[in-house]
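S.K.: coords please:
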Amino acid sequence: MSASSASSTDSPGLGSAASVHPALKTRVTEMLGIDYPVIQTGMGWVAGSRLTAATSEAGGLGILAAATMTFDEMVEHIHGVKERTDKPFGVNMRADQADVEDRIDVLIAEGVKLASFALAPKEPLIRKLKDAGVVVIPSVGAKRHAEKVASWGVDAVLVQGGEAGGHTGEVATTVLLPQVVDAVDIPVIAAGGFFDGRGLVAALAYGAEGVAMGTRFLVTSDSTVPETVKAIYQEKATTDTIRTTQVDGMPHRVLRTDLTEALEKTKTFTSLPRAVQNALVFKKESGTGWRDIVIEGLAMKKNRELSWSQVVMAANTPMLLKASMVDGRPDLGVMSGGQVVGHCDDLPSCDELVSRIVAQASDILSGFATADSPRGES
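M.R.: The predicted structure is shown next:
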């Protein structure tokens, strides 16, 4: 079966579960209680209850983006996911959030399957989650980080290569992934550059036990991102992203736009005035008070070497993303996106997307077995 026909009635989500290749049952699917090793990442302002539930209902694992939610919003969205599906799902948080322990208490009380972290929590929080039966999977961008969190007792790691959208490193997934697989004994999930069944098979060949995708799930019919913004993603090529530190001081892959091009060209001596000017604009648009902006900026500055302009932009970042992803104003904001954006030219549902990925991967894996047979044998 060709890639284009992988979404036909032979797709596993459409009634032929027996056609799913055994290699797609991994330690990750067993650990998370999911059908397929396909995970939707916790994208800020994108992965709300609707997208998270749709992914989990499709047989993968949806992750709720609580890092950009208030405590009450997180609780509301967790309940929203549970109203839509009884399948396992995860919640992504920032380990440096002031109320992270209270959030963890909610995850435990609500029976959430997975706690996901971009910044790994310390050992006491990991132990607390694991003792309560919550799977802990932080994201890492370097071999040494994977080794450290593995020694702290996490259940698995999500390895993100430089092709990924949002905050990301510079090492390509194809180089980083085998390094991490060789360094740790726990399951590894690959992220950065994945969008179809071929990528899933490649990740398995490298030793990963699942893939995680952000941009590809953003561009689905179940995503709540405004349709006008999704259309921008669909029009972009693989070269239409830029990896910049001018958004919030950390390497951040975003879509190439007039705003991001201007930020990238900004000189140091003008960046603070520009950042303050942007802050004034977003303060007016969002209604956010200066106190909240300062608190957010200082929280993101903690443990980072940021200039004051970067502190201001760090505080702006949630609003920059919200302007595009929620308010439908890409002229005022930034749009995180991986290099796979050039492959996201259609708008499937999560069920259609997961089904065709699994069908294509199963066909490829079965084809390998056939190719190994003596010539003339089936």
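S.K.: and the helix or strand where Ile357 lies, which residues are buried?
M.R.: Per DSSP states H and E: Ile357 is located in helix 350-371. Residues 350-365 are the ones in helix 350-371 that count as buried (16 or more other Cβ atoms under 10 Å). Backbone N, C-alpha and C define where each C-beta goes, glycine included.
S.K.: likewise stretch 244-263?
M.R.: Neighbour counts over stretch 244-263 (16+ other Cβ under 10 Å) mark 244, 246-257, 259-260, 263 as buried.
S.K.: try stretch 76-88
M.R.: For stretch 76-88, burial by neighbour count (16+ other Cβ under 10 Å) applies to 77-78, 81-82, 84-85, 87-88.
S.K.: And those, which is closest to Ile232?
M.R.: Ranked by distance to Ile232 (Cβ to Cβ), the buried residues of stretch 76-88 are led by His77 at 25.1 Å.
S.K.: hmm, back to that, out of the buried residues of stretch 244-263, the closest to Ala118 would be?
M.R.: Distances from Ala118 to these, taken as Cβ to Cβ, are shortest for Met250 (10.4 Å).
S.K.: so who does Arg216 touch?
M.R.: Neighbour list for Arg216: 194-195, 340, 343-344, 353 [criterion: Cβ atoms under 8 Å, 6 or more residues apart in numbering].
S.K.: I misspoke; the intended subject was His79.
M.R.: Counting by Cβ under 8 Å, 6+ apart, His79 makes contact with 49, 110.
S.K.: Let me know the pLDDT of it.
M.R.: Here the pLDDT value assigned to His79 is 98.
S.K.: Would you quantify the distance from it to Lys322?
M.R.: Counting by Cβ to Cβ, to the nearest Å, the gap from His79 to Lys322 is 22 Å.
S.K.: Break down the stretch 51-200 of the chain into its helices, ranges please.
M.R.: For the stretch 51-200 of the chain, the helices defined by DSSP state H, counting those that start in this stretch occupy 71-84, 100-110, 123-131, 143-152, 173-183, 197-206.
S.K.: List the buried residues for the shortest one?
M.R.: Judged by neighbour count using 16+ other Cβ under 10 Å, the buried positions of helix 123-131 are 125-126, 128-129.
S.K.: For those, which two are the farthest from each other?
M.R.: Farthest pair in these (Cβ to Cβ) is Ile126 and Lys128. Separation: 7.3 Å.
S.K.: overlap in contacts of the two?
M.R.: Joint contacts of Ile126 and Lys128 (Cβ under 8 Å, 6+ apart) do not exist.
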